[in-house]
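Engineer: Based on what follows, work out the 3D shape:
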Amino acid sequence: EQDEPPPQALFDVSIADPPPMSAQYYKLVEIYEEALPLTKLIHGPNDAKLSFLLNRMGSIYVKIDDRDNAIGSFLGALRVQKFIKGNADIIVAVTLQKLGQAYYKRDEFDKAEECFREELQIRNSIAPTCQKDGGDGDTGNETTSVDAGSGSEAIANVLYSLGVALIKLQEYQEAITHLTLALSAWRTYLGPRHENVAHTLTRLGQALDALNQNEKSLSHYLAALKIFRCDPEQHTVSIIHLLHSMGNLNDKMGAYDRALRCYKEEVSTTRSKFGRHRGEISDTLFSVANIYAKKQNLNKSLANFGKCVRMTNLCFGNDDLRNANSHYNMAYIQDILGNYNEAKLCLVEALRVYKLNLGDSHVSIANAYHNLGGILDKREDFEEAMKCYGHALRIKLELEKPDELSTSKTYFNMGINCANRQCYDDAVRHFKEALRIRRGQLGDDDIS
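Structural biologist: Numbering: from 1, shown residues only. You can find the predicted model right below:
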């Protein structure tokens, strides 16, 4: 019994190379940092000039990707603004938006959510423009209304920001509520084909995807893609990300041919825009290889895993985890094809990279040892196989949240191994342990 391959690689990297940092920004930081203590000394700690300076510093820190100092600056500006203006002023709302975005970029999504909620409360108290009647994010039939009034676009922006933060916090249903309101607002004030509409449709698609509302999610992705393709040069990165999301979704829906078309267009677009050798392409090739495996086209699957390995080694080096995952899956396929020597070599390489990146006691290492034991059993190298099962079992039993069924597979294989070596008492002991676990997990009527 083999452990399953690892899940598909996540697509959570930026395609476009970041623009070079302007020396002007660093010079501004030096000037502002020199001005800050003087401003405090001359005007005091609660003056509007100090708030303005801190806000400017925060914005510059964002541009040079100094997130810690950006957050510190915005927090300082916010304190002064609330002291002068109170808690419900438009200037406070603007700073909360900047602070929330800075927290989001630092992956502090709960703090980002708090900022966006407070901003939304302020904006609604000043100009209550977005009134919710309900809604489920349907692209063609929103059941929300957005009333005209000053600040409506700003409210749409904070609704969008809040929805995106809630997706990161896995609060998908509430995210859909806020994003649906934002979508209605963007369509009302910017028109149905504005890029903000497309970005909101994309986020709605992500939330619906997470809730397994697959058809709705796909319709949102397609609607967003149609808008982005109105100006493909401007929105190449968004198109690439959408194609990958659509590939993943079609894969989940079992629409493998549609998924392959999405992935192939994604790779073609990426290479056309950014060149042939991009690390992100390795993630897509990994997904393509997995789909060919599901379609039982094992030779094409192996070929694409091979491409993935070459692209990974070229862009990230041969010690990258992508390399381990590809070799793990290649071993799985080589095993099915009966190429046990090739499968063994793949698992040995996977184990090397897993240990280098994850230490000695990770579930991926346990699964690789388990599968290597199965390969060695088929080669009748029973002693070495038993050592691998021992390593796998030790790690699985030490995990904080052990996978009982996975552990039972190792016990089962150890029983087979012992039987093949005519160690029947040990075989019975391992089989009994596997049976005990499976009965506890699956009941007495399960076929396994």
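
Engineer: Going by C-alpha atoms from here, please, whenever you check contacts or count neighbours.
Structural biologist: Will do.

Engineer: Dihedrals phi and psi, residue 263?
Structural biologist: Dihedral angles of residue 263 (phi, psi; degrees, to the nearest 10) stand at phi -60, psi -40.

Engineer: Now for it: which residues touch it?
Structural biologist: 243, 244, 247, 284, 287, 288 (CA atoms under 8 Å, 6 or more residues apart in numbering).

Engineer: same thing but 7 Å
Structural biologist: Applying CA atoms under 7 Å, 6 or more residues apart in numbering to residue 263 gives the contacts 243, 244, 247, 284, 288.

Engineer: cool, and residue 299?
Structural biologist: With contact set as CA under 7 Å, 6+ apart, residue 299 has no partners.

Engineer: gap between it and residue 349?
Structural biologist: Residue 299 sits 20 Å away from residue 349, going by CA to CA, to the nearest Å.

Engineer: Low-confidence ranges, the protein, go.
Structural biologist: 1-21, 127-151 (pLDDT under 70).

Engineer: Please enumerate the strands of it.
Structural biologist: For the chain, the strands defined by DSSP state E occupy 130-131, 145-146.

Engineer: Residue 123 versus residue 31, what's the distance?
Structural biologist: The gap separating residue 31 from residue 123 is 33 Å, by CA to CA.

Engineer: which one of these two has more residues nearby?
Structural biologist: It is residue 123, of residue 31 and residue 123, that has more neighbours when counted by other CA atoms under 10 Å, with 25 against 12.

Engineer: residues in contact with the more buried one?
Structural biologist: Taking CA under 7 Å, 6+ apart, one finds 90, 93, 155 in contact with residue 123.

Engineer: Need these in TSV (columns: distance to residue 74 and neighbour count).
Structural biologist: Conversion of those to TSV gives the following (distance: CA to CA, whole Å; neighbours: other CA atoms under 10 Å):
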residue	distance to residue 74	neighbour count
90	15	16
93	12	24
155	20	24
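
Engineer: any idea which of these is closest to residue 360?
Structural biologist: Within the set of those, residue 93 lies nearest residue 360; the separation is 48.6 Å, counting by CA to CA.

Engineer: Can you report how many residues lie near the nearest residue in space to that closest one that is not next to it in sequence?
Structural biologist: Using CA to CA, 6 or more residues apart in numbering and skipping the chain neighbours, the partner closest in space to residue 93 is residue 119 (4.7 Å). Residue 119 is flanked by 28 other residues according to other CA under 10 Å.

Engineer: What of residue 398?
Structural biologist: Residue 398, neighbours per other CA under 10 Å, totals 12.

Engineer: how far away is the closest residue to it other than its chain neighbours from residue 320?
Structural biologist: Counting by CA to CA, 6+ apart, residue 398 lies nearest to residue 361, which is 7.9 Å off, once chain neighbours are set aside. Computed with CA to CA, the distance linking residue 361 and residue 320 is 18 Å.

Engineer: and residue 211, backbone torsions?
Structural biologist: phi -90, psi 10.

Engineer: What separation is there between the closest residue to it other than its chain neighbours and residue 178?
Structural biologist: Using CA to CA, 6+ apart and skipping the chain neighbours, the partner closest in space to residue 211 is residue 172 (7.2 Å). Computed as CA to CA, the residue 172 to residue 178 distance reads 10 Å.

Engineer: higher neighbour count, the two?
Structural biologist: For residue 172 against residue 178, the residue with the higher neighbour count under other CA under 10 Å is residue 178, and the figures read 24 against 21.

Engineer: List the contacts of that one.
Structural biologist: Shown here is residue 178, whose contacts under the criterion CA under 7 Å, 6+ apart are 159, 160, 163.

Engineer: Check the gap between it and residue 163 for me.
Structural biologist: For residue 178, the distance to residue 163 (CA to CA) stands at 5 Å.

Engineer: And for residue 198?
Structural biologist: Using CA to CA, residue 198 is found at 14 Å from residue 163.

Engineer: So between the two, which is more surrounded?
Structural biologist: Neighbour comparison, residue 198 and residue 163: the larger count goes to residue 163, with 30 against 24 (by other CA under 10 Å).

Engineer: my guess is that one meets residue 173, correct?
Structural biologist: No: using CA atoms under 7 Å, residue 163 makes no contact with residue 173, being 9.5 Å away.

Engineer: Going along the chain, name the helices of the stretch 51-200 of the chain.
Structural biologist: Ranges of helices in the stretch 51-200 of the chain, per DSSP state H, counting those that start in this stretch, are 67-85, 90-105, 109-126, 152-168, 172-190, 195-210.

Engineer: Tell me the buried residues in the third one?
Structural biologist: Read that as helix 109-126. For helix 109-126, burial by neighbour count (16 or more other CA atoms under 10 Å) applies to 109, 111-113, 115-120, 122-124.

Engineer: With distance to residue 35 added, can I get those residues in JSON lines?
Structural biologist: Rendered in JSON lines, the data for these read as follows (distance: CA to CA, whole Å):
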{"residue": "109", "distance to residue 35": "32"}
{"residue": "111", "distance to residue 35": "29"}
{"residue": "112", "distance to residue 35": "29"}
{"residue": "113", "distance to residue 35": "32"}
{"residue": "115", "distance to residue 35": "28"}
{"residue": "116", "distance to residue 35": "30"}
{"residue": "117", "distance to residue 35": "33"}
{"residue": "118", "distance to residue 35": "30"}
{"residue": "119", "distance to residue 35": "29"}
{"residue": "120", "distance to residue 35": "32"}
{"residue": "122", "distance to residue 35": "31"}
{"residue": "123", "distance to residue 35": "32"}
{"residue": "124", "distance to residue 35": "35"}
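
Engineer: so what's residue 260 up against?
Structural biologist: Under the criterion of CA under 7 Å, 6+ apart, the contact list for residue 260 reads 247, 288.
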